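> below: sequence and its predicted model.
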Amino acid sequence: MIMNQARITRIASNPSEGTFGSVVMNGQPICVSLEPYSRDNASRVSCIPAGQYIVKKHKSPKYGWTYMITDIQGRDLVLFHWGNRDKNSEGCILLGEQFGELDGDWAILSSRKAFAEFLEKLDNCKEFMLTIVDAY
């Protein structure tokens, strides 16, 4: 069985608004992403370092079934989940349908819908490979 492959290409980053990217799964663009600004991999307030990670299915008390990025040095419980702004990320990766603005803040929109579609694309997948690239 061939492992699913995901790639996040980070395309913009701003200390007060977060780090924005595009998500491709098995060569197909599926959604956009939002993470915190880089704060030296500090837990719950920083994006994770660019690199390759194994992502595993995980049941979260807050988000239900989702996926957790593993083996991030000094970090744990870094999840994919929904949310619209940097302040919603808690150091995790938020997914959305498009980039936009909410109350004057940079944001991603239709996050719950994008998250549901992400889970649907990974139906019954226990783990996948994630590559994160900084392109800004």
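Thanks, I have the structure now. Nothing here was measured: the structure is a model prediction, and the numbers come from that model. Numbering: from 1, shown residues only.

> tell me the spacing between the spatially most central residue of the chain and Ala116.
Centroid check for the chain by CA atoms, centre = their mean gives Ile93 as the closest residue, at 2.6 Å. Relative to Ala116, Ile93 is positioned 15 Å away (CB to CB, to the nearest Å). (Each C-beta comes from the backbone N, C-alpha and C, glycine too.)

> and what of Arg44?
Taking CB to CB as the measure, Arg44 falls 25 Å from Ala116.

> next one: Val133
For Val133, the distance to Ala116 - CB to CB - is 25 Å.

> same thing with Leu122?
Distance from Leu122 to Ala116, by CB to CB: 11 Å.

> so which of the two has more stuff around it?
Legend: neighbour count by other CB atoms under 10 Å for Leu122 and Ala116, higher for Leu122 (21 against 13).

> which residues of the chain fall in strands?
Under the criterion DSSP state E, strands of the chain are mapped to 5-14, 18-25, 28-35, 51-60, 64-69, 78-81, 93-96, 98-102, 105-109, 127-134.

> strands paired with the third one, and their directions?
Strands adjacent to strand 28-35 in the sheet, as given by DSSP bridges, are strand 18-25 (antiparallel), strand 93-96 (antiparallel).

> where in the protein is pLDDT low?
Within the chain, the segments meeting pLDDT under 70 span 1-2.

> how does it look with 90?
Scanning the chain for pLDDT under 90 picks out 1-3, 123-124, 136.

> relative to Pro36, how far out is the spatially closest residue to Gly83 that is not a sequence neighbour?
In this structure, Gly83 finds its nearest non-sequential neighbour in Leu94, 4.3 Å apart by CB to CB, 6 or more residues apart in numbering. Using CB to CB, Leu94 is found at 10 Å from Pro36.

> neighbour count: the two, which is higher?
Per other CB under 10 Å, whichever of Leu94 and Pro36 has more neighbours is Leu94, with 28 against 24.
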